[in-house]
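Undergrad: Quick check, what structure comes out for this input:
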Amino acid sequence: EPGARIDATATVGALAFVGRGAQIGAAAVVGAQGHVGEDAVLGEATVLRPRAVLGDGCRIGRRGLVHSGAVIGADGFGFAPTQGRWEKIEQLGGVAIGDDVEIGANTCIDRGALGDTVLEDGVKLDNLVQVGHNTRIGAHSAAAGCVGISGSVDIGARCTLAGAVGVAGHLSIADDVHVTAFTAVSRSLRQ
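TA: Alright, predicted model coming up:
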């Protein structure tokens, strides 16, 4: 769209969309049918594979890799019970992702309700991972396939979550914690 800024060395694939005010860095790639939303930032040498989505106002740093089907910046699961029904709460934040991050296929990272959902430098997420709104994942942490992280979770640096781990909302996990497969984390894990 008009107002998008695409570096001359970037590549935008067939049927891709780049929104108004978006920035595509040097040597970055938007794959076929990829979507870069309004005011989004795709950093230098970061690759958005075919059919991946970087939503409005979301940012990813340098040398990242986002695999096909991943959605960065969908609305978080924000609803309030009102007179026997669910009323949607607007999700006004974004997603801020650091450098050297890899996001697996069909992984979803929800935008924050007010502030941003944050993935720090070097985070690695496998396929089919869910990251809830307002979550923060510390530098160089990793999550294997089918991990589900609820909203407002604070995960430290260099942590690992093995396959199919579930983390309940509003918990904290200290640096250097390693959670084994199929574990349900129902309380904060502190050193």
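
Undergrad: lowest confidence element among the helices and strands of this structure?
TA: When the helices and strands of the chain are compared on mean pLDDT, DSSP states H and E, strand 79-82 comes out lowest with a mean of 94.

Undergrad: Could you list every helix and strand that it packs against?
TA: Under the contact criterion of 3 or more CB pairs under 8 Å, 6 or more residues apart in numbering; DSSP states H and E, strand 79-82 touches strand 85-88. The C-beta positions use only the backbone N, C-alpha and C, and glycine is treated the same way.

Undergrad: any idea of the mean pLDDT in the strand it packs on?
TA: Mean pLDDT, strand 85-88: 97.

Undergrad: Quick check, pLDDT for residue 191.
TA: 76.

Undergrad: Contact partners for it?
TA: Neighbour list for residue 191: 174, 175, 176 [criterion: CB atoms under 8 Å, 6 or more residues apart in numbering].

Undergrad: show me where the chain has helices.
TA: Secondary structure of the chain (DSSP state H): no helices located.

Undergrad: Flag the shaky bits of it, pLDDT-wise.
TA: Applying pLDDT under 70 to the chain picks out no residues at all.

Undergrad: again, only this time at 80
TA: Counting by pLDDT under 80, the chain contains low-confidence residues at 191.

Undergrad: quick one: furthest residue from the center of it?
TA: Relative to the centre of the chain, and counting by CA atoms, centre = their mean, the farthest-placed residue is residue 83 at 32.8 Å.
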